[in-house]
Structures are given as C-alpha cells and as structure tokens.
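Q: Structure for this input, please:
(chains A, B and C)
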Amino acid sequence: MAGAVTTVTELSADKRPKHLDESRGVRIVLIAIALLFVGLVVVLPMITVIAQAFKKGWEAYASAISDPDAISALKLTLITALVAVPLNTLFGAAAAWAITKFKFRGKNLLITLIDLPFAVSPVISGLVYILLFGAQGLLGPWLIDHGYKVVFATPGIILATMFVTFPFVARELIPLMETQGAQDEEAAVSLGAKGWRIFFKVTLPNIKWGLLYGVILCNARAMGEFGAVSVVSGHIRGETNTLPLHIEILYNEYQYTASFAVASLLMLLAVVTLVIKGLIEGNLIRSRHK
Amino acid sequence: MRNLRSIRLLIIAALIVSVLSACGAGNGKNNEGSASPSGSAGASPSANNKEKSPKSVELLNVSYDPTRELYVAFNKSFAEYWKKETGQTVKINQSHGGSGAQSRKVLDGLEADVVTLALAYDIDSLAEKGLLKTDWQKSFESNSSPYTSTIVFLVRKGNPKGIKDWGDLIKKDVQVITPNPKTSGGARWNYLAAWGYALKQNGGDETKVKEFMKQLFDNVPVLDTGARGATTTFVERKIGDVLLAWENEAYLAKKEYGDDFEIVTPSLSILAEPPVAVVDKVVDKKGTRDVAEAYLKYLYTPEGQEIAAQNFYRPRLQEVADKYKDQFPQLNLLTIDADFGGWKTAQAKHFADGGTFDQIYTKGS
Amino acid sequence: MATNRNRRQVLPGFRFTLGFTVLYLSLIVLIPLAGLVIKTAGLTLPQFWDTVTSARVLASYRVSLLTAFFAALVNVVFGLLIAWVLVRYRFPGKKIVDGLIDMPFALPTAVAGIALTAIYAPNGWIGSLLEPLGIKVAYTPLGITVALVFIGLPFVVRTVQPVLQELETDTEEAAVLLGAHRWRTFRKVLLPELVPPLITGFALAFSRGIGEYGSVVFISGNMPMKTEITPLLIITKLEQYEYSQATAIALVLLLISFALLLLINTLQRWTNRRLRSA
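A: From the prediction side, this is the model:
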C-alpha cells in the first residue's frame, strides 16, 4: 500500500497546483507538528535503545551481539520468519484474489476473520496453541505420544508467529486490488489468457509494491514478536529463544547494556528492510521519469 | 479445469500440513534422544534409552527467576564432576521465568528433567497431574530444599527513612516496592512474612492484621509481575524507599549496583525453602533419571553448598553455613508448614480469588 | 458460500483461492481460537458470568478500554496530520519519516515498553521534565496510553495515506473555483472522504490497544483496580492454574475485538458502495 503511496507521492507533490496548497506558514507549522509527534513517539524510544546499547562502549556492544546465545537466537528468529512470511504471503495473495475479484456471500465476515489476529491479544494468540497442542491440550497428548513436539519447540514458535503476522499481506493487498477492480484481468481473459498467466502478467505488476510492503511488514513483525512467542517458547537459552526473548532474558539478568545491544540489532534488521523498500521505490521513480 | 483446481488446492493443503509436521517430526526425533528441542549432534536418537552410558546427555532444568546466576555456576561445576565420575559429557539447559509460569509450562509439555522452583506449591501442582509422585518432597534431604533464603529489606544508602522492621513499612511517607503475589512466587513469601509479623504484633487478631496489610499495600506504588521487575523498578527507576526482596536478590542487587543500597534485616521473617525435584514422567521417558538425580544430589555436597552460599543462598550444610555465617545474620524465621498450615492452605486463604490479598483491593479502597 | 452469477465470474481461480483462504484461515486462526471456546465451555454459565464480571475484571476492562480509546483518538488526530504532511508536502527527510512510521510494527513490544518506561519514569528524560509540573506518566493510566499511542500510530497513518493519495483533485478544484476557503474545502470536501479510513484506523488501533501486553506491563505499574490491564489479568489467572477462567476473560476480549472489526468492515463496505453509487 504505502509502497505504492510513497512512490506516487514524489510525483504528485510536484504536480499539485499552487492554489490547492496551503500557505507556507501553515505548511511549516503542520510539518513541524508531525515531525515533533513522530520524534516524541517513535524516534525517542529508538534513541533510548541505541544510547543504552552503547553505554559501556563499542566492545561491550560487540561482545553482546557476538555471544553464541545471541547468535542462536538470531538463527531461530530468521528461520521463523523464513517459514512464516512466505506462507502468509501465499495466503495473502490468494485471499485478496478471492475477495476482490469475485462476489460472494459472507465476504465481510471473511475479511473480519482475516483481520482478527491484529486484534487478538498476543497473550491469547500464544495461549490458543498451548490449549491445542500442550500436554493437557486437545491434540497435545496424541502428538506427544507419537513423538511430535509442537509447543515449547520451534514449530510452536513458528505457528504463533504465523498467527500474529497472518493479516499483514492480505490487509495490504485487499484495498489495493479493490480499487484496481477486475477490468485488466477481464480484458486478459477476453484475449484468451489463462489462470496463472493472468496473475503473473496482469495482476502482479499492478500489486507488486503493495505486496512488497506487506511482505516487509509481515517480516518485521515476525522477527519482533514477543508476547505470543513468549507463551509458547520454553525460554531455554540457545535453544528456543528468539531475539526478542533473548532481550528479555538479558534484561532480567541485569545485563541492561547487552539487552539493549541485542535490541538495537533487531531494530537494525527492521531499518535495513525499510531501507531496501526505499531503494526499490527510488528505482521505480527514476524509471517512470524516463 | 475444475479438477485441476481442486488438485492444486489439495497439493497446497498437503504442503502446509507436511511443512508443519516436518518441523514437528524433526524436533520429535531429536527429543527422544536428547533433552532439548533442537537436540545435539552428540546424542544419537534414542541412544539414551538403550545404552547404559552414552557419550553425552542433556538435562533441562526449569527454574525460577532469581536462580539464574546460581545455576550458571552450579551447572559448570556439576558438568566437571559428572565428566570425572562417569566420563560422560552433560549439557544442562536452563529455563527461567516466574515460578508459577514455569511450572505451568512443564504441565503443558515442556520436558524438564528437573524443576527447581520457588515454592513447593508449584511442584505440588505438577504432582497433582501425575508428572511426579505426590510425596516428592521426601525424595531429597531437608524437604527437598538444598538451600534456603529469607525475605529482607533493601533500602537506599544511609537508610534515609529509617526503616528497621515491618512496622516501619506502613508509615505514611514510606513507599514500598514488592512484586504482585498473584504472579510472583517471591512476592507470596513477602506477603506471608508481613502477615506473620502483623499476626504476632496483634496477638492473633486477624481484623487488625488485614488492616496492617491494607496500609502496607496502600504504600505500594507499583506491582511488578516478577521479582526481577520489582528490583529493576527500585534500582533503575529509583522508585520507592524500600524493596521487599529475597535475601539473595538483595545481595545480588547490591553487588551489581555497589554501595547505593543497604540491606536491612527485619526482626522476624520467613524461612523460604525453594524446593527441587526430578520430574519422573520425563526422566523415565528420556532415560535420564541417573544423571538427573545425581544433579540434584550434587546440590547437597560441600561443592554445591559452597556455590549456593556464594550466590547468597543460605546453605544447609553446617560446615559451609559456619564459613558464611557473617553473610547471613540470624533472625527469627516463620515457616510455611508450622505457621501457615502448608502451601495449599496458605494459597487458598491468601492468594486465590477472593483471598486476603484480593480483599485489600476490592473492599472500599 | 454460494457464488452469484455475475460478470466477474469470467475470471478463473475462484474456488482455488477461496478454498485455500478458508483452509489456511481455519488451520492457523479458527481452529486454535475454537480451542479457546472449548476450554471456556468447562465453566457453567453462572461461573462464566461471575468470572467475567468480578470487580477486578470489570475495573481492568475499564482501564484497557479507556486507555485504548484515548490512545486511538490521539492517533486519529496526529495520524491524519502525519499522513497529510507525508502525502502533500515536500520537506527534507520525508522518506525517513515515512519509514519511521513502521517502526512500532517492527520493534519488539517488550523493547518498546522498556524504552518508554526508561523515558517516562520520574528519573527518565521526559519524566524528569514533567515531574516538577506534577504530571506522572509512568505507572499511571497516562503511561499506558503513551505505550498504546506508540503501538497504534502506524495503523492510522497507513490506512489514511493511500486514500489521501487517491483523492482526485477535481472536487477540490471545483470547491476552490466556487470560492471555498482552504479550511472549508478540507472540512466539506476532503474530510467526508477521509472518514472511512479514519474510522478503520481508529478501530484497528483501538482493538490492538485493548489486547496489548508486552509494552504495557512495564509502564503500567499493574495496580489492581487502577492500572491493571485485562491481558495481565489473563496471565494472572493462568499463574493460578485457572485455565478456564483465563480463557473466559480472553473470550470476552476476543468478542469485543471481533465485534469492533465486524462493525468497521461493514461500515467501510457500506460507505464504499455509497461513494461509488453517488
């Protein structure tokens, strides 16, 4: 969504006719308020994290993030994202196609159900898997007897992450494809194109920025999820700890500096994905101008 | 065309299911052999069950929050001892959290070989579900509690509010930091110690005791969910005049933060006995009973006791206790069994829904 | 879900995509949530009612709902302003600001909670400035609201932004030609178009706020009846091994969220249809 948005922003800000713009003073005041708010709400916590991380200097920072437990937590975090994000992307695309290209009864309900994980308390999203797969759960005893372990192991962490990041891609694509309608695809059908070809040749180019943005958000959240994962993880150092859980452990061991160092690593991962998004958009704008 | 679509649907469905179960299976296989979900390359699957002494073995010790430093040191010492005794390499994985939450995870399937929790009540809950035998507390010496602790006060340097005993905590200008007894095992010891003191002061008049507890909790500005959170609030955020804490937590905070704090020992406190137990159901399944029992027994040896004392837990063994007697001042200690009728009774009376703790907050405050 | 015969039916993939959507939705979301209902069914109706309406639980709903409501309100005002500035104006560092909006999605909530507490505690950067003024943020409902503003900001900005982007300049142009003032144009022409996304953003931020746990527990102080949030009570029940009571409260939260979302989605579809037919 915003992937497409920012792209066009650059163009429309140039094109906007003068008489439709506010006076310079108003503009500056509005920008100032917006910056102040973002600064207070978003930037200040980030600065705190970085300031705390480097409190004891670069060496303490380096040793915190090269700690074997931190690295194994990073690995688990990446594995989790690697499974959860593609599956949710696949789902998002399918759901958006069904919802925006066809009419059927119960569509509102379906959209609401897709949104639901956004609104479910992270505590609950972890809890439901314990209720299902735990040793006292509905399926848990059978699974454990057969040697499968779901909760307090990697699959549980992946499932909880999938639940929490479930709506991101679908949520980005549905409004976007809604506004684009189905004309392009219908034209393609009348020209004799079929199934997957329509999707890849017609739909995908139209939605790729929204899709990318959804994937990036989904990924960022997958790597950062704390509440739900905390409920289904066994909190075993070097085994079932994701980065956010490792941060909590360090914090609880009075290793505040190390804990913020690892937090800054996670923040860096998020920043990197957002920068990549920016770079791709930059390329797009340039190609459009030519 | 229609058929093709349904086939595709089936394939995708199968894919998801197989991905999920593949993850599960992978871990399941590892788990038969080793203690931890991702397993170690050293332990071949199911080897532990058949051979008498495989080359390496893993244990999972599920413990509560303040024992982190203790078990880091203890695990190292035990691993060396075990290697020397049997030639076997033992890797001990640790899991820490609130005592109740940790016990619940074991109930829900976290495969702990041993549990080392804050209260017997939390292990009783496991016994109730058949994970270990109901008389587990007889398995090891001294109520299965190899070390003890008590509740003390941590105050700011110079003790500006002049806090000496429990009675000072209800003064108007004193702010008390304690975690929430509903979510923290340590806080339950805090609560019972205060209750016991008030009961003695008021000659057993419970109405007055409740009044005392209400005044005490009126002075509490923040109720953190766990003992470590409360320590952070007191030490890092500089909120409150006194922190009610485990003796070992108080010493550790003093060690980490130097001379900004002083420890005050009240006239009366409670004997906290953090118990340990082998989880029968898990060790029998994994074949780790020998090493798990040896691990807990090692806590009672002079080496184990020494490590406990170094980490500010009161040792049981007389020779070690004598060595550290300056560190642990003598004081009158209530016990959970003699003064509160055991954990089950105490839990029901004070901390269950509608118990005395809830009454503090729900009755006209 | 019967399909209507309509022109869109010429496109392929309906059964496949809808089937996959429903299957995946069921596996990941619906079946697990059904477990919640089944567990709660262990309680009798009066037990259920007593659990979810006990004094402390009611107080926690109040805390959770009020703080989430005010946080969402703050986000609607400032979220609209930020979206407006990002879409319509040019200023240095705009791209960076745009990227920053997503940070609350990405930052682990526990880290956010710890960082915010450090800032707003009486000895923190901002807390120490507000303390002399008699304003306490950390360990009060205000602190919870601050944490929820952080969590909810991207929801509002990201729902308003694309709509603001798509708005045609024609109507604005016409309004200007008819001599309307800038503010009047905004109120009469733009605002009506922005109401649906604002409501959606509000609802998303609101329902997310009701359930938020990780960032709130650090800053809230967790005082029963005063700053105790509902998700914390769920955890508290679990600590006492009261699974079915915990799931009962969880179910209430879930129903509130679900009702809110359903309302919003229906409203949005309705306004969409109205706008299109107009």
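
Q: got the CA coordinates for the helix or strand where C:F202 lies in PDB?
A: Assessed by DSSP states H and E, C:F202 sits inside helix C:191-211. Only the C-alpha atoms of helix C:191-211 are listed here, as PDB (Å, rounded to 0.1, in the frame of the first residue of the first chain):
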ATOM      1  CA  LEU C 191     -12.900  15.200   5.400                       C
ATOM      2  CA  PRO C 192     -16.000  13.200   4.300                       C
ATOM      3  CA  GLU C 193     -13.800  11.100   2.100                       C
ATOM      4  CA  LEU C 194     -11.300  10.600   4.900                       C
ATOM      5  CA  VAL C 195     -13.900   9.500   7.500                       C
ATOM      6  CA  PRO C 196     -14.000   5.800   6.500                       C
ATOM      7  CA  PRO C 197     -10.200   5.200   6.600                       C
ATOM      8  CA  LEU C 198     -10.000   7.200   9.800                       C
ATOM      9  CA  ILE C 199     -12.600   5.000  11.400                       C
ATOM     10  CA  THR C 200     -10.900   1.900  10.200                       C
ATOM     11  CA  GLY C 201      -7.500   3.100  11.500                       C
ATOM     12  CA  PHE C 202      -9.200   4.100  14.800                       C
ATOM     13  CA  ALA C 203     -10.700   0.700  15.100                       C
ATOM     14  CA  LEU C 204      -7.500  -1.200  14.300                       C
ATOM     15  CA  ALA C 205      -5.500   0.900  16.800                       C
ATOM     16  CA  PHE C 206      -8.300   0.600  19.300                       C
ATOM     17  CA  SER C 207      -8.600  -3.200  19.100                       C
ATOM     18  CA  ARG C 208      -4.900  -3.700  19.100                       C
ATOM     19  CA  GLY C 209      -4.600  -1.400  22.100                       C
ATOM     20  CA  ILE C 210      -7.200  -3.500  24.100                       C
ATOM     21  CA  GLY C 211      -5.100  -6.600  23.800                       C
END
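
Q: Any figure for the gap between the residue nearest in space to the middle of chain C and chain A?
A: The residue lying closest to the centre of chain C (C-alpha atoms, centre = their mean) is C:A205, at 1.6 Å. Distance from C:A205 to chain A, counting by C-beta to the nearest C-beta, to the nearest Å: 10 Å. For every residue, glycine as well, the C-beta is placed using N, CA and C.

Q: pretty sure that residue contacts C:A72?
A: Yes - the criterion here is C-beta atoms under 8 Å, and C:A205 meets it with C:A72 at 4.2 Å.

Q: before we move on, back to that, got the buried residues for the helix holding C:F202?
A: C:193-194, C:196-211 (16 or more other C-beta atoms under 10 Å in any protein chain shown).

Q: residue contacts, the residue of chain C found nearest chain A?
A: Closest contact between chain C and chain A, by C-beta to the nearest C-beta, is at C:G211 (2.9 Å). When contacts are counted by C-beta atoms under 8 Å, 6 or more residues apart in numbering or on different chains, C:G211 touches A:A119, A:V120, A:S121, A:P122, A:V123, A:I124, C:P231, C:L253, C:S257.

Q: one more time with 6 Å, if that's ok
A: Shown in contact with C:G211 (C-beta atoms under 6 Å, 6 or more residues apart in numbering or on different chains): A:S121.

Q: can you check the one 5 residues further on too?
A: When contacts are counted by C-beta under 6 Å, 6+ apart, C:V216 touches C:I144, C:A147, C:I229.

Q: Show only the entries of those found in strands.
A: Nothing among the contacts of C:V216 maps onto strands, per DSSP state E.

Q: CA atoms only for stretch C:234-242, dumped as PDB, please.
A: Output in PDB follows, covering the C-alpha atoms of stretch C:234-242 (Å, rounded to 0.1, in the frame of the first residue of the first chain):
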ATOM      1  CA  ILE C 234      -5.500 -13.400  31.900                       C
ATOM      2  CA  ILE C 235      -1.800 -14.100  32.800                       C
ATOM      3  CA  THR C 236      -2.700 -13.800  36.500                       C
ATOM      4  CA  LYS C 237      -5.400 -16.400  36.100                       C
ATOM      5  CA  LEU C 238      -3.000 -18.700  34.400                       C
ATOM      6  CA  GLU C 239      -0.500 -18.300  37.200                       C
ATOM      7  CA  GLN C 240      -3.200 -19.700  39.500                       C
ATOM      8  CA  TYR C 241      -3.800 -22.600  37.100                       C
ATOM      9  CA  GLU C 242      -7.300 -21.300  36.400                       C
END
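
Q: Are that stretch and chain B in contact anywhere?
A: Yes - shown here: stretch C:234-242 in contact with chain B (C-beta under 6 Å from any C-beta of the partner chain) through C:T236, C:E239, C:Y241.

Q: for the last one, helix, strand, or coil?
A: Under DSSP: H, G, I helix; E, B strand; the rest coil, the three-state class of C:Y241 is coil.

Q: Now it: closest residue in space, sequence neighbours ignored.
A: Nearest residue to C:Y241, sequence neighbours excluded (C-beta to C-beta, 6 or more residues apart in numbering or on different chains): B:S125, at 5.9 Å.

Q: Against which helices or strands is the helix or strand harbouring the one you found packed?
A: According to DSSP H and E, B:S125 maps onto helix B:120-128. Judged by 3 or more C-beta pairs under 6 Å, 6 or more residues apart in numbering or on different chains; DSSP states H and E, the packing partners of helix B:120-128 are helix B:99-107.

Q: Now do B:V279 against B:K91, distance only.
A: B:V279 is 18 Å from B:K91, where distance means C-beta to C-beta, to the nearest Å.

Q: The two: which is more packed in?
A: B:V279 (27 against 18; other C-beta atoms under 10 Å in any protein chain shown).

Q: Okay, and C:G79 sits in which element?
A: helix C:55-88.

Q: List the buried residues for that helix?
A: So, applying 16+ other C-beta under 10 Å, buried residues of helix C:55-88: C:56-57, C:59-61, C:63-65, C:67-72, C:74-76, C:78-88.

Q: roughly how far out does the very next helix or strand once past that helix sit from the chain middle?
A: Next helix or strand after helix C:55-88 toward the C-terminus (DSSP H and E): helix C:94-100. The chain centre lies 21 Å from the centre of helix C:94-100; the measure is C-alpha atoms, centre = their mean, to the nearest Å.

Q: is chain A contacted by whichever helix or strand comes after helix C:94-100?
A: Going down the chain from helix C:94-100, the next helix or strand is helix C:103-106, by DSSP H and E. Yes - using C-beta under 6 Å from any C-beta, helix C:103-106 reaches chain A at C:M103, C:F105, C:A106.

Q: Within range of chain B, give me the residues from chain A.
A: A:130, A:134-135, A:147-155, A:234-237, A:239-240, A:252-254.

Q: List buried residues within those residues.
A: Looks like the residues of chain A next to chain B have A:130, A:134-135, A:147-155, A:234-237, A:239-240, A:252-254 buried, using 16+ other C-beta under 10 Å.

Q: Return the subset of those residues lying in helices.
A: A:I130, A:T154, A:P155, A:N252 (DSSP state H).

Q: so can I have CSV of these showing pLDDT?
A: CSV is the format used below for these (pLDDT from 0 to 100):
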residue, pLDDT
A:I130, 89
A:T154, 91
A:P155, 91
A:N252, 78
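
Q: Which single one of those residues is nearest to chain C?
A: Once C-beta to the nearest C-beta is applied, the member of these that ends up nearest chain C is A:I130, at 9.0 Å.

Q: Can you name the residues that contact that closest one?
A: Contacts of A:I130 by C-beta under 6 Å, 6+ apart are A:V151, B:D108.

Q: Having no further points to raise, I will conclude here.
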